[in-house]
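[1] pasting the sequence and the predicted coordinates here, then a few questions.
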Amino acid sequence: MITLVTASAAAYEHPLNPSAIRNAYFLGSSNSESVKFLSTYKETLPLPKTGPHIAEMEVRTPFAQVAVSSREHSVGYSPMQAEQDYKKDPDTLQVRIQILFTTFGAPLIPPSACQGANRMTSVQDCFHDFKFRFRQSKELQPIRSYGVPIYTHVLTGGDVWFTFRTAEVASASLRVTVSTPDGQEVSATFDLAALR
């Protein structure tokens, strides 16, 4: 089992007020500052000897979601648009897990239903043999999940996303655990009290 800890120097905020949205917008629009800030929300995990590679785990608080949106829409994107986008889905926390199908060992062959897909409507479409757990003082259940396949020349893995209601996620440590079909258990712990 691998355990990693992430920390930063602010507080997990929800809901965001207009001033916080504006701060997140300007943080995201600064390339160097946003890279440094967002790196505290992500863990890169070591390559296993065999089996699928749980390559990254990331948590996105509402503040981080606004910063990422600003970063991704840098041309012609305004603080007003950032606030409108936030209001479309304001009280959610997201977790992203990147799974790569191959390692130095035997490759994990993705199900045929995943080949050629641009988006998985459910994580279970391609990762039904994986178990995903989210725990604070109790198990948390996502309100939705989806996946985005990763292609090089062929399908090599996917980013799987889980969305939670902020009302159900405390400003405390959040442990994310993935159990793989070959018996690996990989975890990362994110201290939401130390993230903004």
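    Yep, it's here.
[2] mind showing which ranges of the protein have poor pLDDT?
    Low-confidence segments of the chain, defined by pLDDT under 70: 1-11, 102-117.
[3] now the strands: where do they sit in it?
    Assigned strands in the chain, in chain order: 5-6, 42-44, 53-60, 92-100, 131-135, 144-151, 155-165, 173-179, 185-191 (criterion: DSSP state E).
[4] quick one: which of those strands is nearest residue 78?
    Of all the strands of the chain, strand 53-60 sits nearest to residue 78, with 21.0 Å by C-beta to C-beta. C-beta here means a position set from N, CA and C on the backbone, and glycine is covered the same way.
[5] what's in contact with the closest one?
    Strand 53-60 has contacts (C-beta atoms under 8 Å, 6 or more residues apart in numbering) with 6, 41-45, 47, 68, 93-100, 102-103, 157, 174, 176, 178, 180, 184, 186, 188, 190, 192, 195.
[6] centre of the chain to it, how far?
    6 Å (C-alpha atoms, centre = their mean, to the nearest Å).
[7] orientation of that strand relative to strand 185-191 in degrees?
    Orientation of strand 53-60 against strand 185-191 (axes from the mean of the first three to the mean of the last three C-alpha atoms, to 10 degrees) gives an angle of 20 degrees.
[8] strand 53-60 pairs with which strands, parallel or anti?
    Sheet pairing of strand 53-60 (DSSP bridges) gives strand 42-44 (antiparallel), strand 92-100 (antiparallel).
[9] of all the residues in the shortest one, which ones are buried?
    Put plainly, it is strand 42-44. 42, 43 (16 or more other C-beta atoms under 10 Å).
[10] then stretch 72-79?
    Buried positions in stretch 72-79, judged by neighbour count with 16+ other C-beta under 10 Å: 73, 77, 79.
[11] so, if you compare these, which one comes nearest to residue 23?
    residue 79 (9.5 Å).
[12] how much space between that closest one and residue 70?
    8 Å (C-beta to C-beta, to the nearest Å).
[13] and the strands of the chain: which comes nearest residue 32?
    strand 42-44 (16.5 Å).
[14] reformat the strands paired with strand 53-60 as JSON lines; add distance to residue 162.
    Converted to JSON lines, the strands paired with strand 53-60 look like this (distance: least, C-beta to C-beta, whole Å):
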{"stretch": "strand 42-44", "distance to residue 162": "15"}
{"stretch": "strand 92-100", "distance to residue 162": "5"}
